[in-house]
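S.K.: Turn this into a structure:
(one chain, ligands or ions: 1)
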Amino acid sequence: MTERVTGEVQAMAEAIHYDVTDGVAVLSICHPPVNALAWPVRDGLLRALTQAEVDPEVGAILVAGEGSTFPAGADIAEFDAAPKDPWVPELCTRLENCAKPVVAELHGTVLGGGFELALACHYRVALRATRVGLPEVKLGLIPGAGGTQRTPRMVGVKVALDMILSGRILPIDRPPYSTFADLLVAAPNDLRSAALSFCHDVMAKGPRPSRDRQEGFADPVATQTELRSRAEEASEGPENAPREAVAAVEAAFLLPFEAGCAFEEAAFAELVASDQSKALRYAFFAERRAAKVPLTAAAPLPRIGALAVLGAGALASQLVVAALDAGLTVRWGIADEAIRDAARAEVEDSLEDAVSDGALSRDVASASLARLTCGATPLMIRDADLVLDASRGSRAETAPDGALRATAPGETVAGVGLRFARPAHLSRLVEVLEAPQAKADQLPLALALVKRLGKVPVHVRSDGVTVGGKMTRALHRAADALVDLGASPYDIDAVLSDWGLELPPFLQRDATGLKGVGTEERPGGGRDWAAVIAQAGRSGRAAGRGFYNYRGDAGAPVADPLVLEMIERARGDAPGLAKQAIVPLMLGALANEGVRLVDRGIVARASDIDVVIMLGHQFPRWRGGPMKAAELHGLFRVIRAMEAIDHPDRAFWAPEPWLKAMVRDGVGIETLSA
Ligand code: 3H9
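M.R.: Reported below is the predicted structural model:
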């Protein structure tokens with residue numbers, strides 16, 4: 001007979017549902033969309049746990065998540081304030097110390113603090129499709145609720161560090177991650193009954209805290225070797241979280257559990273207050289904000305099942321691969337039959353390579369190919385929900401009215417154009433250009449497609465201007481001005497590379513090629529140094545010489561005294577520039593340009609600019625994009641640096657009023673929106 005007692009503890013009414021079934025207290029977390037462990041959840045869970053502990057009818061406790069997932073982590077939005085009790089580690093300790101067995105019922109994406117909560121429970125019953133992970137490092141953090149201590153105890157230092165340092169989301173039904181589950185359940189409909197029956201089985205066994213487990217440390221010599229090599233690797237990068245993660249896992253190996261947790265807690269507290277973590281948390285929300293484009297039509301985004309791609313070039317084939325990866329049916333329109341066959345063969349080869357590399361299973365690759373049809377364009381267009389024209393050069397003649405255009409650099413659009421960052425199948429960024437003449441249904445279609453491809457759309461109101469193009473030109477203009485003021489291109493590149501730019505401006509220009517045509521004078525004042533260098537017959541990396549010389553060993557870039565001589569001759573006397581001024585000036589120039597883009601309504605928010613530059617232009621994510629980086633550097637310092645220089649391009653360097661207002665009002669870059 002089933003005895004059913006239902007009740008709700010007052011303060012947890014909304015976030016936790018409490019239900020006793022056959023002697024098992026079920027604590028269901030209800031905090032959409034991802035059941036993040038926000039304060040109402042933590043407070044409610046603790047109260048529900050206390051109630052279940054004292055209830056004589058309850059023999060075991062089941063913690064579950066309602067809706068799409070068990071908690072996907074702590075609430076990232078809460079990290080800007082001091083933690084409010086009960087904090088996640090305390091909750092985990094209370095769960096683990098419970099005298100009655102506590103079982104976690106897992107489904108969805110069990111991440112970060114959610115995964116740590118699950119590890120603090122005594123047992124775990126999981127749906128096979130559950131995915132787990134410790135993605136804190138992507139937010140500049142380490143797991144802060146015992147994850148660095150319990151994980152290695154269960155699966156060893158190597159697997160734990162793989163999880164913590166990569167932040168990857170992993171399948172719980174595959175070894176070694178299956179170690180985390182005591183029972184795997186195939187069908188969603190069977191999960192609850194299996195979990196309840198598991199609870200009855202363990203009532204007699206009692207709690208089994210994972211802090212007591214030691215199987216992960218069974219081989220101390222291998223553990224020590226692994227820790228040493230990971231510490232070395234982590235010390236090489238610019239980010240702090242990986243170093244702290246290795247140290248915390250080492251603490252798990254060397255220290256008693258409580259001391260290890262104290263180490264973890266202190267490291268987490270330091271990281272959460274760091275600029276790196278602030279920038280990475282900002283990046284997390286900025287990407288999601290960018291994807292929210294207010295539409296004039298209230299209708300939901302259209303569903304796209306079949307996509308026609310037109311064109312036979314590299315972009316078209318990358319888009320075909322991206323669409324297949326996303327599970328779309330693809331109809332590839334190429335007029336010429338021979339080219340069509342070769343293009344299909346190329347996609348087949350790339351899928352085959354992915355299978356050989358282990359990146360794709362044979363089944364998935366075969367299913368992808370089965371969804372691909374190649375044929376004459378009119379035929380391919382006929383049954384498609386949407387047409388994406390990626391033909392090279394001008395628009396495909398056969399592209400129907402209203403087709404979306406995958407644009408190339410410099411191309412203008414009359415409707416909506418999608419500027420995919422390259423390579424389009426790997427990159428996550430798409431600038432969605434909306435020209436004034438765009439039809440009403442084109443923007444929703446474009447957004448639906450980009451989201452369906454699993455990419456981040458950034459809405460840009462323009463018929464050709466891209467955020468990436470504008471900001472890159474501003475960076476080059478600023479870098480040239482710094483040379484005008486007396487800095488050498490090599491010093492500028494070295495300072496910016498130390499600061500975190502993977503491809504600093506002069507190396508970047510060499511890589512794309514220098515153009516010798518046009519004037520050496522910039523319209524606003526100052527020189528275009530790329531033009532000066534190119535006119536001396538040095539057209540960039542491909543030619544072996546540009547700002548740098550590439551003709552030595554292995555084509556590595558080498559500073560060239562001839563270039564410095566050339567610059568000094570052309571420049572004459574310069575006021576000179578301290579190296580410390582390079583970063584604030586570069587950030588000032590970029591922030592100024594970003595403000596102009598928002599001011600002109602080209603993008604809706606400053607954070608959209610950061611998303612473009614982080615996802616599409618190799619800007620270090622742990623700096624948060626140029627706008628956030630300027631804020632973190634200190635807008636006041638940045639403005640002062642701009643005002644301190646005397647450069648003829650005054651309009652470019654004059655701090656935008658909006659920047660000054662932000663300093664005056666003490667507000668952040670997030671407030672900057674059109
Ligand atoms: C942590 O746990 C620290 C602990 O070790 C220790 C503490 C002491 N918080 O991505 P989506 C929101 S650190 C707050 O579009 P999907 C998100 O902003 C955390 N909000 O959906 C969005 O809101 P909106 C470790 C969160 O299906 C909505 O949920 N965990 C959080 O494509 C939907 O998100 C992580 O880092 C959160 N933790 O992907 C996991 N998560 O609708 C981060 C999501 O207003 N999350 N939101 O725009 C993810 O990776 C993905 O969101 C997930 C779902 C895979 C879960």
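S.K.: Show me which residues of this protein sit near the ligand.
M.R.: Those residues of the chain that sit near the ligand, judged by CB under 6 Å from any ligand atom, are 33-34, 36, 72-77, 88-89, 109, 111-113, 116, 135-136, 139, 141, 143-145, 147, 288. Heads up, the C-betas are built off the backbone N, CA and C, glycines and all.
S.K.: Would you mind giving the domain segments of this structure?
M.R.: When the chain is parsed with automatic domain parsing, its domains come out as 2-272, 306-464.
S.K.: Any idea how many residues pack against the residue lying closest to G156 once chain neighbours are set aside?
M.R.: Spatially, and ignoring its direct neighbours in sequence, G156 is nearest to G216 (4.0 Å; CB to CB, 6 or more residues apart in numbering). As a burial measure, G216 scores 23 neighbours (other CB atoms under 10 Å).
S.K.: In a markdown table, list the domains of the chain along with mean pLDDT.
M.R.: Formatted as a markdown table, the domains of the chain follow (pLDDT from 0 to 100):
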| stretch | mean pLDDT |
| --- | --- |
| domain 2-272 | 94 |
| domain 306-464 | 91 |
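S.K.: Put together JSON lines for these, with distance to V638 on each row.
M.R.: Supplementary listing: the domains of the chain in JSON lines, determined by distance: least, CB to CB, whole Å:
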{"stretch": "domain 2-272", "distance to V638": "21"}
{"stretch": "domain 306-464", "distance to V638": "24"}
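S.K.: hang on, the earlier thing: just to check, the residue nearest to G156 is in contact with L161?
M.R.: No. G216 lies out of contact with L161 (CB atoms under 8 Å); the separation is 11.1 Å.
S.K.: Identify the contacts common to the two.
M.R.: P152 (CB atoms under 8 Å, 6 or more residues apart in numbering).
S.K.: Who are the contact partners of the residue of the stretch 301-450 of the chain found nearest the ligand?
M.R.: Closest to the ligand within the stretch 301-450 of the chain is R428: 12.1 Å, counting by CB to the nearest ligand atom. By CB under 8 Å, 6+ apart, R428 lies in contact with A421, G454, K455, V456, L615.
S.K.: so which of these comes closest to V202?
M.R.: Using CB to CB, the shortest approach to V202 within the contacts of R428 belongs to G454, at 39.2 Å.
S.K.: Which residue ranges of the stretch 251-400 of the chain form helices?
M.R.: Taking DSSP state H, counting those that start in this stretch to define them, one finds helices in the stretch 251-400 of the chain at 257-272, 275-290, 314-325, 337-356, 362-370, 377-382.
S.K.: Mean neighbour count, those: which tops it?
M.R.: Across the helices of the stretch 251-400 of the chain, the average number of neighbours (mean count of other CB atoms under 10 Å) peaks for helix 314-325, which reaches a mean of 23.
S.K.: Who are the packing partners of it?
M.R.: The contact analysis (3 or more CB pairs under 8 Å, 6 or more residues apart in numbering; DSSP states H and E) places helix 314-325 against strand 306-310, strand 329-333, helix 337-356, helix 362-370, strand 404-406, strand 416-420.
S.K.: any residues touching it, and which ones?
M.R.: So helix 314-325 is contacted by 307, 309-310, 330, 332, 334, 343, 346-347, 350-351, 368-369, 371-372, 388, 390-392, 406, 408, 420, 422-425, 453-455 (CB under 8 Å, 6+ apart).
S.K.: Just the buried residues of the residues of the chain next to the ligand.
M.R.: Neighbour-count burial (16 or more other CB atoms under 10 Å) applied to the residues of the chain next to the ligand gives 34, 36, 72-76, 88-89, 109, 111-113, 116, 135-136, 139, 141, 143-145, 147.
S.K.: And the helices and strands packed on helix 314-325: which comes nearest R47?
M.R.: With CB to CB as the yardstick, what comes closest out of the helices and strands packed on helix 314-325 is helix 362-370 (44.8 Å).
S.K.: orientation of that closest one relative to helix 337-356 in degrees?
M.R.: 160 degrees (axes from the mean of the first three to the mean of the last three CA atoms, to 10 degrees).
S.K.: so how far is helix 362-370 off the chain centroid?
M.R.: A distance of 27 Å separates the centroid of the chain from that of helix 362-370, by CA atoms, centre = their mean, to the nearest Å.
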